[in-house]
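Enquirer: Sequence and predicted structure are below.
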Amino acid sequence: MNVKRYIAKTIPEAILMIRRDLGEDALILYSRPINTAPRWMIWRKENAFEVIATVNQESRKLDELAKEVEEFKRELQVLKKSQESLSLLKKAKRVDEPEVPFLKFHNFRGKTKDSSILISTTGEFDAGARYFFKGLGFYPFFNERAGVIALAFLGPTGAGKTTTIAKIAARMSLLMKKRVCLITLDTFRIAALDQLKAYADIMELPFFVAHSPKELKEIVKKEKNSIDLFLIDTMGFSPFQDSKIKEISAFLSTGIDTEIHLVLCANYKPQELNLYINKYKALKPVSIIWTKLDEVVSLGHIIELSIENNLPISLFGTGQSVPDNLEVASDEFLSNQLNSKYRDFYPEGSGI
């Protein structure tokens, strides 16, 4: 059987080649799209079509022709299996790659060069490189906002929401000259209420307690002409309390143009943090603020959780001092933190 293989950019182009070679009685047996770029150039794509054709001999028995087509299909299956085996072999080789001490120290799941989400500007992973992060976004927290008049801060009890709000209020009112108003919804914890009121008194900022969604709406309506931005401290709660999610949602569904930020402690366990994020996602936060960076050794888990949950990082809390110890999130700051914490344990460094 005179079977020939043709490769062309389009099917019509392949048909012209077949007609020119085999004549009008040619019969197409098989066709498929392929990539004609060299296999080692995995980033490159050159689309084309592979077409298998033969001469249509009317005297040939159909069962004989079908038999040869089946044989050709079997050969293709053998080729496909060999390619799959090659792919598995490559994966096995990647598994055997040495773990990078820097990535292992920070508890990244990808601990080898090829599996890492970090991109090193020097090609090495040590305490002297600058890094970029695959898939990680940063939220410009202190940029001007169009239409937004309130910022609400969510998070579990003890995450540092109140202290973080005080730091933000200080920067906005003292440095950016914004007219800021503090509002708390947390009427369950007297200490949190008193703490925020004390910060408001020190900075000479208006302070209100909203006991209900209706009261929150009335406060904002009454004060909005003299205020640029309302900072709202919500109540903390266990992720297992679904009723609290509904309660906060009611406060944030009063028609006030509100931007929501999730505040989480970096020193929580990754499993707990993932649980909190999944619960609070229902309220549609636009960013994560990671606090207590000064209390953790490694940072891989907070970077990976932010990427996996598609939540950009806006701010980092690095201590209790107000208005200090608040950093804008960026590749540069995060690189410096990774390097600094690594150097604390390995002063001489350990690169590859």
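Expert: Cool, the structure landed.
Enquirer: quick one: the helices in the stretch 251-352 of the chain?
Expert: Under the criterion DSSP state H, counting those that start in this stretch, the stretch 251-352 of the chain contains helices at 270-280, 300-308, 331-345.
Enquirer: Which among those helices is found nearest to Phe142?
Expert: Nearest to Phe142 among the helices of the stretch 251-352 of the chain is helix 331-345 (13.9 Å), distances taken as CB to CB. Glycine gets a C-beta too; all of them are placed from N, C-alpha and C.
Enquirer: To Met17, which of the helices of the stretch 251-352 of the chain lies closest?
Expert: helix 300-308 (47.7 Å).
Enquirer: Report the buried residues of stretch 264-271.
Expert: Leu264, Cys265, Ala266, Tyr268 (16 or more other CB atoms under 10 Å).
Enquirer: would you turn the helices of the stretch 251-352 of the chain into TSV with distance to Glu68 and mean pLDDT?
Expert: Formatted as TSV, the helices of the stretch 251-352 of the chain follow (distance: least, CB to CB, whole Å; pLDDT from 0 to 100):
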stretch	distance to Glu68	mean pLDDT
helix 270-280	56	91
helix 300-308	51	94
helix 331-345	59	90
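Enquirer: for this structure, which spans come out with low pLDDT?
Expert: The chain contains residues with pLDDT under 70 at 1, 39-43, 56-66, 89-96, 187-192, 347-352.
Enquirer: Which stretches in it count as strands?
Expert: Per DSSP state E, the chain carries strands over the ranges 3-8, 26-35, 47-55, 118-120, 131-133, 150-154, 180-184, 207-209, 229-233, 258-265, 287-291, 313-317, 326-328.
Enquirer: Now distance to Lys167 too, for these, in TSV please.
Expert: Shown next, in TSV, are the strands of the chain (distance: least, CB to CB, whole Å):
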stretch	distance to Lys167
strand 3-8	63
strand 26-35	53
strand 47-55	54
strand 118-120	28
strand 131-133	24
strand 150-154	11
strand 180-184	12
strand 207-209	16
strand 229-233	11
strand 258-265	11
strand 287-291	10
strand 313-317	7
strand 326-328	4
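Enquirer: which of the ones you listed sits most buried?
Expert: Most buried of these, by mean neighbour count (mean count of other CB atoms under 10 Å): strand 287-291, with a mean of 26.
Enquirer: What is that strand packed up against?
Expert: helix 161-170, strand 258-265, strand 313-317 (3 or more CB pairs under 8 Å, 6 or more residues apart in numbering; DSSP states H and E).
Enquirer: can you do 6 Å?
Expert: Packed against strand 287-291, as judged by 3 or more CB pairs under 6 Å, 6 or more residues apart in numbering; DSSP states H and E, are the following elements: strand 258-265, strand 313-317.
Enquirer: Which residue, other than its chain neighbours, is closest to Asn274?
Expert: Leu305 (6.1 Å; CB to CB, 6 or more residues apart in numbering).
Enquirer: Distance of the one you found relative to Lys134?
Expert: Taking CB to CB, to the nearest Å as the measure, Leu305 falls 14 Å from Lys134.
Enquirer: the more surrounded of those two?
Expert: Using other CB atoms under 10 Å as the criterion, Leu305 and Lys134 rank with Leu305 on top: 19 against 10.
Enquirer: can you give me the helices in the stretch 51-200 of the chain?
Expert: 62-95, 101-105, 161-170, 190-203.
Enquirer: In the last one, which residues are buried?
Expert: Put plainly, it is helix 190-203. Buried, per 16+ other CB under 10 Å, within helix 190-203: Ala192, Leu193, Gln195, Leu196, Lys197, Tyr199, Ala200, Met203.
Enquirer: From Asp201, how far out is the third one?
Expert: According to CB to CB, Gln195 and Asp201 sit 11 Å apart.
Enquirer: What of Gly300?
Expert: 40 Å.
Enquirer: now swap in Glu218 and tell me
Expert: As for Glu218, its distance to Asp201 is 23 Å (criterion: CB to CB).
Enquirer: do Phe125 as well
Expert: The value you get for Phe125 to Asp201, if CB to CB is used, is 48 Å.
Enquirer: Next: Glu272.
Expert: Relative to Asp201, and taking CB to CB, Glu272 is found at 34 Å.
Enquirer: list the contacts for the spatially most central residue of the chain?
Expert: The chain has Ile307 as the residue nearest its centroid, 2.3 Å off, counting by CA atoms, centre = their mean. Applying CB atoms under 6 Å, 6 or more residues apart in numbering to Ile307 gives the contacts Gly135, Leu136.
Enquirer: I'm done for today, thanks for sticking with me.
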